[in-house]
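Novice: Build me a model:
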Amino acid sequence: MSIIATALINWSELWKIFVAALVGGTGVVIVFGLLLLGISRGQTATKPKARYGLYSLSGICGVLVVAVAAAGIYAMTRKPSSATRKPTPAAAKLTPASATQQRAAGSH
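Specialist: Below is the predicted model:
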C-alpha cells in the first residue's frame with residue numbers, strides 16, 4: 001500500500017505539517033491553560049506583587065493565544081489558490097452539427 005501512496009503523498013512535507021500541528025496545537029492549549037491558572041491564582045493571591053505577576057502572566061498568555069489565532073486565520077485567508085483552469089476552446093463550446101440540424105428541423 002505504501003508503494004502506491006508514495007507516488008501520491010509527499011511524506012517529507014506531510015511530516016512537517018504533522019509536527020507543526022502538534023507543536024502549535026499543544027502549545028496553544030498549554031498557554032491557554034497558563035492563562036486560566038494565572039487568573040484563578042491571581043484572584044486568591046494575598047500579596048499584591050504575586051497578584052500583579054499572575055495577572056501579567058495571564059495577560060501575556062492571552063495576547064499569545066489571540067496572536068496565534070489571528071496568525072491561523074491570516075494563513076487560511078492567504079492560502080495559495082489552486083491551479084488556474086485553462087480556458088475551454090471555443091470549438092468545445094459549440095453543439096454538434098447533428099443536434100443543431102435536428103432542432104432546426106423540429107422548429108419549422
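
Novice: so what's Ala69 scoring on pLDDT?
Specialist: In the prediction, the pLDDT value recorded for Ala69 is 90.

Novice: can you check Val19 too?
Specialist: pLDDT recorded at Val19 is 88.

Novice: element containing it?
Specialist: Val19 belongs to helix 11-44 when elements are defined using DSSP states H and E.

Novice: packing partners for that helix?
Specialist: In terms of contacts (3 or more Cβ pairs under 8 Å, 6 or more residues apart in numbering; DSSP states H and E), helix 11-44 is packed against helix 48-77. Where C-beta positions appear, they are placed from N, C-alpha and C, glycine not excepted.

Novice: Going by neighbour count, list what's buried in the helix it packs on.
Specialist: By neighbour count with 16 or more other Cβ atoms under 10 Å, helix 48-77 contains the buried residues 54-55, 57-58, 61-62, 64-65, 68.

Novice: Identify, from those, the entry nearest to Ala21.
Specialist: Val68 (12.4 Å; Cβ to Cβ).

Novice: what sits against that closest one?
Specialist: 24, 27-28, 31 (Cβ atoms under 8 Å, 6 or more residues apart in numbering).

Novice: Kindly indicate whether Pro80 is helix, strand or coil.
Specialist: Put simply, Pro80 is coil when judged by DSSP: H, G, I helix; E, B strand; the rest coil.

Novice: what about it, neighbour count?
Specialist: If you count neighbours by other Cβ atoms under 10 Å, Pro80 ends up with 5.
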